[in-house]
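Asks: The sequence and its predicted three-dimensional model are supplied below.
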Amino acid sequence: MLPADPGTRSIARDLLARVEDLPIISPHGHVEASMLELDTPFPDPATLLVSPDHYVTRLIHASGVPLERLRVGGGTAVEPREAWREFAKAWPLFDGTASGYWMRDSFEHVFALSAEPSAENSDALFDELDAKLKSPAFRPRQLFEDFNIEVLATTDDPLDDLAAHAAIAKDPNFTGRVVPTFRPDAYIKFAAAGWTERVQQLVDSAGDGLAGYAGYIRAMENRRQYFVEHGAVSSDHGSRTAMTLRLGETTAAELFEKARHGKASDADADIFEAHMMYQMARMAVADGLVMTLHPGVFRNHHTASFNKFGVDTGHDIPFPVSYTEALRPMLEDFGTAPGFHFIPFTIDETVFSREIAPLAGFYPSVFIGAPWWFLDAPDAMLRFRSAVTETAGFSRSSGFIDDTRAFCSIPARHNTSRRIEASFLARLVAERRVSEARAHEIIIDIVDAAPRRAFKL
Amino acid sequence: MLPADPGTRSIARDLLARVEDLPIISPHGHVEASMLELDTPFPDPATLLVSPDHYVTRLIHASGVPLERLRVGGGTAVEPREAWREFAKAWPLFDGTASGYWMRDSFEHVFALSAEPSAENSDALFDELDAKLKSPAFRPRQLFEDFNIEVLATTDDPLDDLAAHAAIAKDPNFTGRVVPTFRPDAYIKFAAAGWTERVQQLVDSAGDGLAGYAGYIRAMENRRQYFVEHGAVSSDHGSRTAMTLRLGETTAAELFEKARHGKASDADADIFEAHMMYQMARMAVADGLVMTLHPGVFRNHHTASFNKFGVDTGHDIPFPVSYTEALRPMLEDFGTAPGFHFIPFTIDETVFSREIAPLAGFYPSVFIGAPWWFLDAPDAMLRFRSAVTETAGFSRSSGFIDDTRAFCSIPARHNTSRRIEASFLARLVAERRVSEARAHEIIIDIVDAAPRRAFKL
Amino acid sequence: MLPADPGTRSIARDLLARVEDLPIISPHGHVEASMLELDTPFPDPATLLVSPDHYVTRLIHASGVPLERLRVGGGTAVEPREAWREFAKAWPLFDGTASGYWMRDSFEHVFALSAEPSAENSDALFDELDAKLKSPAFRPRQLFEDFNIEVLATTDDPLDDLAAHAAIAKDPNFTGRVVPTFRPDAYIKFAAAGWTERVQQLVDSAGDGLAGYAGYIRAMENRRQYFVEHGAVSSDHGSRTAMTLRLGETTAAELFEKARHGKASDADADIFEAHMMYQMARMAVADGLVMTLHPGVFRNHHTASFNKFGVDTGHDIPFPVSYTEALRPMLEDFGTAPGFHFIPFTIDETVFSREIAPLAGFYPSVFIGAPWWFLDAPDAMLRFRSAVTETAGFSRSSGFIDDTRAFCSIPARHNTSRRIEASFLARLVAERRVSEARAHEIIIDIVDAAPRRAFKL
C-alpha cells in the first residue's frame, strides 16, 4: 500500500519507517470499556469478526445473502460456524475494499492465519481462529498491549456511571489509558427511541432539582462535567445535518415541551438539534471538551431491515451536506474562543476543499476531521489530503481516527493510515514540493502530534 | 492509454491481454435495429460520423462554427463534404477528449485511414472514407461480426412493434443477438411533445379496454411484457431527477387526468414521473426487466438551438442530483425484492462515493452504473473506480455501457474501457492491494461477467 | 513541481522549456495601477508580504496568533518587524500549501534570500529584505520588466477616473500594458456599504440626466464605455450566486426604488443582482467587454473579525454553487451572441465536470475560468484539467489567472501554473493520449494563446 513509482516508494518507505512503531492514539471509537475492564475472552470468530461489523455484512448482503445467515443484530438463525462459512465464501467480494485491507492485515499480523478465507478452508479456519481466540494471548488486555495502544476513547451514554473506566484507571495491572466520550444524541434527537423517558431520567438524576428545559440544560452540563472528571476529552455528535442555531431560551424551552408532549414535527426536531449543537459548543468553551460532529447520514435507510435487525446493520447512507452557512451561528460566537476545539467530519467529499479546509484555515477552533466511514480507505485518504493540504497545510487536521467497534482491526486501520500519509508526503517530496527534512518532521506531526493537539491529549 | 509508470504499465498490459479479445456485450445503447435488419450501407462520412454525433458537433460549435455547417438535425445547408471540412479543420479541438480518443481509434482500427484529419487532407480523406463505406466490408452486419459483438441492445418506443428485432432474430444469415429496450419517457413526462396523443394511442392499443389511468398502467404492463417476449432485458428511464414516490391510485389518476386536460404544473409532472419510476420498479419485480435510470440532465438548454435543430444537439447540461432520499420510497419496497435489478447512472460524480457505492453496497438490487456521458472517458473512469471500489468492491458494478448511437465507435469505446479497467487494477496490484492472481479473475469479471450479471444476460 | 515518474518528468521538462520564458499575461488581478504609475518603493517586508495577504494571515491566525499581531486591516498594534517574526515562526505551517509554494519561489527567484524564514533568522531576514526593497532594483516598474509582464489588468471602481492608467499609457518611460477592469459589485449589491450614496453619485455623474433606474442603467453603460476607452478588456462580478434573471423594466425599477428606500429584503437583493448580471451580459454584447463571474463565496463569515479588521481578512468561505439553471436566462439570450465572452469561475470543484465543461463545450461564449482562489494550487489545478479536458478539450479555457494583489508573487504563480500544465500534458503524452508534436502546440496554446483569445488581448 505504497506508491507504485519506485523512487516515490522508496521515499515513502523511509517516511513510514519513522512512524510505524509509534504508539496508537485512538481518540474516537466504539470499543466497550467493559471489555477491557473485565478482559473477557472474545467469542467465536463469526461473532467477533463478522456479525457485528456492518462494513462486512452489508457487502455480503448485497451479494444476496440474507442478514439472518450472518447472525446480524444478535440473531441465532444459523450457527456461528455457518455464518463464518458465508463470510469465507464471500471473501473475494472484499478485494479492493477498505474492509478487505483491514481484514487481510489483521488475519496476517494479529491472528497469523495460515491462509486467506475461502469456501474450501472455511471450517478449518474457523477452528484455527477459534482456538486462538480462546488462548490468553488473544485476551483484550494482552492485545491492547501488543497493539501498542496509548490512548483509547470509548463512546458513552451521558448517564453511564463510567464505572468501567474508573475501574480500569485504578487497576494497577493495566496501564493503558481508556477514556470515555460524551455522546448525547439519544437525549437530543426527538425521534430517538424513548426520548421522553430518557430525558426525564436525565433531568431527574442530574438536573439539580430544576425541571423542564432548564433542568435538561443543567443536567447536560453536569453530566459533561462528570465525564471530564472521569477522563473524557471530547463529546461526539451524530446530528442529521451540520446546522447550528442560537435559539432564545423561551423558544428552545417551547420546542422541548412540544416534543415532550409528542407534538414536535421533523422540522422542530432539526431546529432543536441545531440549537443543542450550539449549546454543546457553548458548554465546550466552558468545560474544555473537544467537540466532534458527524453529520450527513441517513440512518436506517431500509425500514424492513431496521425492524428486523436494528440499528447499524449496513444501510446508513450519506447525503449532501454543507458547513459554511450551517456552522456560522456557532462559529460567530465561539470560533475564536480560547481553547475551543471543534472537529467536523464528513462523508461528502465535496466539502473538503470547498468548505472544511477554508474554515479550518481561518478559525483556530476548527480542526479537519480525518476521512470518515466510507472514506477511511487508501484512495479516499489520498483524495482527502490532496483536497485539504493546499489550503490548510498539515497542521490543521485531527490525525487519524479509527472510529471502530472492531477492536482487532485497530492496528490495521492505523497502519493503513500511516502508509497513506507516507505515500502522500512522499509524492510531495518526489515532486520537490516539500523538502525531505521537513517531511521527516511532518510525518511524525500528523501521525503523533496532530491527534494529541486536536484532542488535547 | 495505459499507466506511465513502467512497472504498472507492464502489469496493465498483461491484464489487458486477458480481456482485449473478449466479445463485446453492449446492454444499453442507441443503435437502430433496422440498420442491422436491412444491413443498409452507411451514408457518406459526414452524415455517418459528424452530423448526428452531438459529442462532436458541440465542441465544433463552441469554437464558433454554426450547427448548420455541420448539417445537424438533418440540415442540408451545406454539402456533406463541406461539413466534413469543418470537422477536419476542427480536429485539433478533440485532443484530450473522449471523442478524440474514440475517433482516432476507429480511424485507425476500423477504417485504417492513411492519416489523421486536417484542413489540408480533408477532401482526400472524405473520398477515402466514402469509398470504404460503400464497400461490402463496411456494411453493418459485417462490422457487427468484425467488432465481435455478442449482444447489442437498442432503445425503443413502447409502441414499437419490434419487427426489426424479430426479423433479425429469425434470420439464419445473422447470428448476432440484438435486443430491444423499453423506454417509456415520452409516455411518462407530461411535457413530452404529443404526450396526450401518445398516451391515448398507448391506452387504446394495449390497455385491454380499460380507460384512463387504469388503462395506462395496464398498457405499460402489457407493452413491457411484449418487449420481454421479444428479447428485452431492461427498461430505461431518463427521468429529470432521481425522485421516486408511491402515490395512491386515486392521486395518481387525478394527476394523470389533470395532465390530459393540459392543467398539470411542472411540479405535478415531477411528482407523476417519480410515481411512475416507482411503478416501473413494481412492474420490474413482476416481469424481470432490469431497470436503468439516467437522471440529472437539463435537456435542450438553449431553446433557439432546440427550435432550429431539435433534440440531442449538444446542449443537454447536467445539474446536481442526489439519490439517497430520492430512491428511498422505491428501495423501501423493492430494494431486497428477489430478482429486481436497478442500475442508477449519473453525470454528477459527487454521488459515486457518497451515495451510489453505499447503496449498491447494501441493496442486492442496486448495481452501480458505469460512468455515463461526459464521464465515460479515461480519467473520469479512473476517478469512478477510485470512488466506488473501496466501499463496494468490484462485484457491484454494471460493467461498461457504451450508450452510443455511433455504431462504428463501439469497439473504440469498449477498448478504452478495458484499458482503463486494466490500468486501475494494475495500480492496485503494483501497490500490493490486490494480488496478481485475483486481478486476473477480477479483470475478466468486470469486463465480461459484470454486464451479464447486472443485465441478466 | 513536476511529476515523480522519471519518464513523465522528462516529457514535462521538455514541455515546460517551451513556455517558461514566455511573457506573463495577467488579465485579471488586484494590483493597484497607481503603484506602477508612481513607481513607489515597496514598504517593509511585513507590510508588503504578510499583513495584506489573507492567504498568509488566515493560516497563522488559525494557529492561534491574533490578527492584530500581523497588522491585518492596517493595524499598528505591533511593529512590522514583530509581525514578520510571527510570520517567520509560522513558516512551517505553509508546507504543502499554495502560499508556501509561491512564497518560497519568490524568496528564491525574486528576492534571492539567503535562507528560508525561521524563528531564528527572522530579524536578519527582515533586514535583508528591507534593504532590498529600498533599492531601485525592487521598484515596481523594474520588477514589472524583470517579471516579463506583457499585460496586467487591475480591478477598478466604475467611478474611478482611471487617471493612473492613462498616465501609464502615455508615459514614454514605461512600455508595459496596464488595463483597468470594470467591477461594479458595490453598485449592484444592495447590502454593499453606502450603496444608496454610491448609486446616487453614479447616476448623477454618468446618467445623462436620467433619474432612478433608467439613469442607473444608462450610467452603467456610460462608465463601461469609459473603461473601454481606457483600455479595459473585461468586467468582473463577485455575485453571491450564479443566478441570472431577465426582469421586466418595471419590476427592476421597483426593486431598485425599494432598495433606495431601505426596504429591500435579502431575496430582493439576490433577484436584483441576478437581473444585473443579465444586464451586464447584454451590455457586454454591445460594448465587447469580456464578462467574468466569481460567485459562491460567503464573504466575511466571522462578523467580529470583519468589524475589527474589515474585508478580505481571511474568512471568506465558499459554499455550493450550480450554474446550469442559474446561467440559463442569460445564455438563452446571449450564449451564441457574436463576440460575447463569458468566463465563470468557481471554488466548488464539483461543477467542473458536471456543469462548466459541458457549458463551455457547447456555447461559443463560455470559456472555462482557471481554478480560482483556494483551487489555484498544484493538485487542484491537476484535478481541474482532469475534470474539464475530456469534455471540453484544451481550447475552451481562460488560461491562467493569477487574481492577486501580491505583485511580487505573480511570477511564482504563473510559473506554478506552467509547471502543472506541463505535468498534466506530459502524463497524456506518456499514456499515449496526446502526441508529443501536438503537446508542443497545446502547451503554447494554453499558456499564451488561451488568455489572449478568452480576454480578446
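Replies: Looks like it arrived, so ask away.
Asks: Just confirm residue A:292 is within a strand.
Replies: Yes - assigned with DSSP: H, G, I helix; E, B strand; the rest coil, residue A:292 falls within a strand.
Asks: Which part of the stretch 351-457 of chain A gets nearest to chain B, residue-wise?
Replies: The nearest approach of the stretch 351-457 of chain A to chain B comes at residue A:377, 3.5 Å away (CB to the nearest CB). Where you see a C-beta, it was placed from the backbone N, CA and C, and this is true even at glycine.
Asks: tell me the contacts of that residue?
Replies: The neighbours of residue A:377, taking CB atoms under 8 Å, 6 or more residues apart in numbering or on different chains as the test, are A:97-98, A:101, A:371, A:416, B:390-391.
Asks: can you tell if stretch A:314-333 touches chain B?
Replies: Yes - applying CB under 8 Å from any CB of the partner chain, one finds that stretch A:314-333 is in contact with chain B at A:314-320.
Asks: The stretch 101-250 of chain A against chain B: which residues are in contact?
Replies: Counting by CB under 8 Å from any CB, the residues of the stretch 101-250 of chain A close to chain B are residue A:101.
Asks: What segments of the stretch 101-250 of chain A are strands?
Replies: Assigned by DSSP state E, counting those that start in this stretch, the strands in the stretch 101-250 of chain A fall at A:149-153, A:177-179, A:181-182, A:234-237.
Asks: tally of neighbours for residue A:17?
Replies: 11 (other CB atoms under 10 Å in any protein chain shown).
Asks: Would you mind measuring from it to residue A:2?
Replies: Look at residue A:17 and residue A:2: by CB to CB, to the nearest Å, they are 11 Å apart.
Asks: Name the nearest residue to residue A:61, sequence neighbours excluded.
Replies: The shortest distance from residue A:61 to any non-neighbouring residue, by CB to CB, 6 or more residues apart in numbering or on different chains, is to residue A:67 (5.6 Å).
Asks: and what of residue A:369?
Replies: residue A:345 (3.5 Å).
Asks: Hmm, residue A:368 and the one you found touching each other?
Replies: No - in this structure, residue A:345 is not within contact of residue A:368 by CB atoms under 8 Å, at 9.0 Å.
Asks: higher neighbour count, those two?
Replies: Remark: of residue A:345 and residue A:368, residue A:368 carries more neighbours, 28 against 24, as counted by other CB under 10 Å.
Asks: I'd like to check what contacts stretch A:428-441. Which residues are they?
Replies: By CB under 8 Å, 6+ apart, the list of residues contacting stretch A:428-441 reads A:5, A:7-8, A:11, A:15, A:18, A:425-426, A:442, C:1-4, C:92, C:95-96, C:101, C:378.
Asks: swap in stretch A:129-138?
Replies: Stretch A:129-138 is contacted from outside by A:41-45, A:48-49, A:111, A:113, A:142, using CB under 8 Å, 6+ apart.
Asks: and it, how far out from the chain's middle?
Replies: On the basis of CA atoms, centre = their mean, to the nearest Å, stretch A:129-138 sits 27 Å off its chain's mean C-alpha point.
Asks: How much space separates the residue nearest to residue A:369 from residue A:240?
Replies: According to CB to CB, residue A:345 stands 14 Å off from residue A:240.
Asks: any shared contact partners between the two?
Replies: Contact criterion CB under 8 Å, 6+ apart; residues shared by residue A:345 and residue A:240: residue A:295.
Asks: nearest spatial neighbour of the closest residue to chain B within the stretch 1-150 of chain A, skipping sequence neighbours?
Replies: Across the stretch 1-150 of chain A, the shortest distance to chain B (CB to the nearest CB) belongs to residue A:4, at 3.6 Å. Spatially, and ignoring its direct neighbours in sequence, residue A:4 is nearest to residue B:430 (3.6 Å; CB to CB, 6+ apart).
Asks: Which per-residue confidence value corresponds to that neighbour?
Replies: With respect to pLDDT, residue B:430 scores 97.
Asks: where exactly do the helices run in the stretch 101-250 of chain A?
Replies: Secondary structure of the stretch 101-250 of chain A by DSSP state H, counting those that start in this stretch: the helices cover A:122-134, A:140-146, A:163-170, A:185-188, A:195-206, A:212-229, A:249-260.
Asks: With mean pLDDT and mean neighbour count as added columns, please give these in CSV.
Replies: Formatted as CSV, the helices of the stretch 101-250 of chain A follow (pLDDT from 0 to 100; neighbours: other CB atoms under 10 Å in any protein chain shown):
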stretch, mean pLDDT, mean neighbour count
helix A:122-134, 97, 17
helix A:140-146, 97, 17
helix A:163-170, 97, 17
helix A:185-188, 98, 20
helix A:195-206, 98, 17
helix A:212-229, 98, 19
helix A:249-260, 98, 16
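Asks: which residues of the stretch 301-450 of chain A fall in strands?
Replies: Assigned by DSSP E, counting those that start in this stretch, the stretch 301-450 of chain A shows strands spanning A:317-318, A:342-344.
Asks: Put together CSV for those strands, with mean neighbour count and mean pLDDT on each row.
Replies: Below are the strands of the stretch 301-450 of chain A laid out as CSV (neighbours: other CB atoms under 10 Å in any protein chain shown; pLDDT from 0 to 100):
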stretch, mean neighbour count, mean pLDDT
strand A:317-318, 27, 98
strand A:342-344, 27, 98
